[in-house]
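Engineer: Provided below for reference: sequence and predicted model.
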Amino acid sequence: MNSKSLNLVIAASLGLSLLVATPFSAAAQPYPEGSDKLMAKLAELLPDLPIESVVATPMAGFFVVELEGGQNLYGSADGEYLFSGDMYRLTSEVENLAETRRMTKRRALLEAEPLENMVVFSPAGETKSYISVFTDVDCGYCRKLHQEIADINALGIEVRYLGYPRGGLGTPTHAKIVSAWCADEPTEALTALKSGMNIDMKDCKNPIAEQYDLGRKVGVTGTPAIVTADGRLLPGYMPAAALAEAIGLN
């Protein structure tokens with residue numbers, strides 16, 4: 001079996017997709033002391049693995065290999081063992097260490113995205129919290145969520161929309177989203193599109209391609225994808241009351 005075939009076999013067994021992988025360059029990026037053997041073995045067997053970072057775990061002799069999209073692998077320092085999944089810490093409660101790291105990463109990524117690049121629906125009164133929503137204008141559940149935008153705002157929740165054309169860039173949906181972001185009144189244009197109406201097609205300098213890439217980094221697999229202020233990812237539609245409860249407002 002050649003190295004490419006072996007790479008695909010191992011990836012399939014771990015449930016990974018390497019079709020859009022960005023190879024990890026150990027020479028270009030620092031990695032923790034003691035992980036040399038593990039990184040050498042990954043470079044040999046899985047050279048296309050889309051690694052973002054390598055971090056020591058609280059368990060001696062193991063490292064977490066963080067991949068693009070939020071998936072984690074765990075490898076032994078001797079480079080002999082690799083497994084996928086989440087690591088939990090058992091104290092007085094069960095803590096998902098992997099999800100804690102993902103939340104921190106999502107929060108940092110979204111805090112770095114300028115608010116002016118989003119289409120924002122703010123409460124008329126006090127803003128108690130906010131959600132960032134990766135949205136598609138032709139997605140049925142995105143439209144259903146937007147139908148409750150007034151109720152969501154009334155609960156004190158600000159909605160910050162980011163464009164995420166599910167079919168990818170260069171599609172008719174992508175063009176519609178760009179047109180909404182380029183409109184004179186983006187909130188009105190986005191509402192019109194989510195109501196099944198047509199708007200004037202426009203093009204301008206816009207952040208949609210970058211937001212689409214950001215969504216993939218955050219771990220978006222479908223729309224609407226809701227990210228809470230503390231970095232939790234809530235995939236799919238949620239009614240306004242349930243959403244408020246999920247973010248701790250009820």
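Structural biologist: Happy to help now that I have it. Everything quoted here is computed from the prediction, not taken from an experiment.
Engineer: What is the burial count for V137?
Structural biologist: By other Cβ atoms under 10 Å, the residues close to V137 number 26. Heads up, the C-betas are built off the backbone N, CA and C, glycines and all.
Engineer: can you tell me the helix or strand for it?
Structural biologist: Per DSSP states H and E: V137 is located in neither a helix nor a strand.
Engineer: check contacts around the closest residue to it other than its chain neighbours.
Structural biologist: Distance criterion Cβ to Cβ, 6 or more residues apart in numbering; nearest residue to V137, sequence neighbours excluded, is L193 at 4.1 Å. By Cβ atoms under 8 Å, 6 or more residues apart in numbering, the contact set of L193 is 137, 176-177, 179-180, 199.
Engineer: what's the spacing between R160 and P186?
Structural biologist: From R160 across to P186, the span is 12 Å (Cβ to Cβ, to the nearest Å).
Engineer: which residues do those two both contact?
Structural biologist: Counting by Cβ under 8 Å, 6+ apart, the residues touching both R160 and P186 are V119.
Engineer: higher neighbour count, these two?
Structural biologist: Using other Cβ under 10 Å as the criterion, R160 and P186 rank with R160 on top: 19 against 16.
Engineer: Report all helices and strands that the longest helix seen in the chain contacts.
Structural biologist: Scanning the chain for the longest helix, with DSSP state H as the assignment, gives helix 97-111. Applying 3 or more Cβ pairs under 8 Å, 6 or more residues apart in numbering; DSSP states H and E, one finds that helix 97-111 contacts strand 62-67, helix 208-218.
Engineer: Walk me through the domains of the chain.
Structural biologist: Domain ranges of the chain: 3-93, 110-246, per automatic domain parsing.
Engineer: Include distance to M103 and mean pLDDT when you put those domains into a markdown table, please.
Structural biologist: Below are the domains of the chain laid out as a markdown table (distance: least, Cβ to Cβ, whole Å; pLDDT from 0 to 100):
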| stretch | distance to M103 | mean pLDDT |
| --- | --- | --- |
| domain 3-93 | 10 | 80 |
| domain 110-246 | 3 | 96 |
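Engineer: mind checking which of these is nearest R102?
Structural biologist: R102 sits nearest to domain 3-93 of all those, at 5.0 Å, using Cβ to Cβ.
Engineer: So which of the contacts of L193 belong to helices?
Structural biologist: Judged by DSSP H, the contacts of L193 include 176-177, 179-180 as members of helices.
Engineer: Pull up the gap between G125 and G156, please.
Structural biologist: As judged by Cβ to Cβ, G125 and G156 stand 7 Å apart.
Engineer: Would you mind telling me which of those two has more residues around it?
Structural biologist: G156 (16 against 9).
Engineer: Now for K205, how many residues are close by?
Structural biologist: K205 has 6 nearby residues by other Cβ under 10 Å.
Engineer: Packed most tightly, which of the helices and strands packed on helix 97-111 would that be?
Structural biologist: strand 62-67 (a mean of 20; mean count of other Cβ atoms under 10 Å).
Engineer: In its sheet, which strands sit next to that strand, and in what direction?
Structural biologist: Using DSSP bridges, strand 62-67 pairs in its sheet with strand 51-56 (antiparallel), strand 72-76 (antiparallel).
Engineer: looking at those strands, which is buried most?
Structural biologist: Among those, highest average neighbours (mean count of other Cβ under 10 Å) belong to strand 72-76, with a mean of 20.
Engineer: residues near K194, how many?
Structural biologist: By the criterion of other Cβ under 10 Å, K194 has 22 neighbours.
Engineer: Pull the contacting residues for it.
Structural biologist: Neighbouring residues of K194 by Cβ under 8 Å, 6+ apart: 137, 142-143, 146-147.
Engineer: from the middle of its chain, how far away would stretch 186-198 be?
Structural biologist: How far stretch 186-198 lies from its chain's middle: 24 Å, per Cα atoms, centre = their mean, to the nearest Å.
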